[in-house]
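Student: Sequence and predicted model, in that order:
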Amino acid sequence: MARRTQPRAVPRKIEIRKNDIVKVIAGRDRGKTGRVLSVDRQRGRVLVEGVMLVKRHTRANPARQIKGGIAERESPIAISNVMIVCTSCNRPVRIGHKVEMVAGKARRTRICRKCGAPLEPKR
Ligand SMILES: [Zn+2]
């Protein structure tokens, strides 16, 4: 069953950001791909759309417009179990960096280690 991870005192360096497309590489939902909904830097976990679905039994609360029944919700998974998917070579890759000088300031962008394309999500 699910293990409890202690919150870390120091936030870990996390390269994955919200709205990234990631592939699950380990665990129950290995092989699934989804969009990152949120990143928990303290615990080193991410919430991925459609991954690690758990059934929540909710009680109806008409005052707050909450319907009762069984709802499927995502639960967070460890960051080490996901890899970012490169949108140009379409496979899970490790993250590299490129430092560019933009208007006299150094800007660090994440790039694909395989093809060198930037890994910023399209908006
Ligand atoms: Zn690539």
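Tutor: Now that the structure is in, tell me what you want to look at.

Student: Skip the chain neighbours and tell me the closest residue to the most centrally placed residue in the chain.
Tutor: Most central in the chain under Cα atoms, centre = their mean is Val36, positioned 3.7 Å from the mean C-alpha point. Nearest residue to Val36 in three dimensions, chain neighbours excluded: Asp20, at 4.7 Å (Cβ to Cβ, 6 or more residues apart in numbering). For the C-beta atoms, the positions are set from N, CA and C on the backbone; glycine is no exception.

Student: Now for the one you found, how many residues are close by?
Tutor: Close neighbours of Asp20, defined as other Cβ atoms under 10 Å, add up to 22.

Student: list the contacts for it?
Tutor: Residues in contact with Asp20 (Cβ atoms under 8 Å, 6 or more residues apart in numbering) are 35-36, 84-85, 119, 121.

Student: The closest residue to Lys55 other than its chain neighbours pairs with what?
Tutor: Leaving aside its chain neighbours, Lys55 sits nearest to Ile70 (5.1 Å; criterion: Cβ to Cβ, 6+ apart). With DSSP bridges as the criterion, Ile70 is bridged to His57.

Student: which residues touch whatever helix or strand Lys55 lives in?
Tutor: For Lys55, the host element (DSSP states H and E) is strand 53-58. Identification of contacts with strand 53-58 by Cβ under 8 Å, 6+ apart yields 66-75.

Student: Can you pull the residues of this structure lying near the ion?
Tutor: 86, 88-89, 112, 114-115, 117 (Cβ under 5 Å from the ion).

Student: mind redoing it with 6 Å?
Tutor: Where the chain comes near the ion, counting by Cβ under 6 Å from the ion, the residues are 86, 88-89, 93, 112, 114-115, 117.
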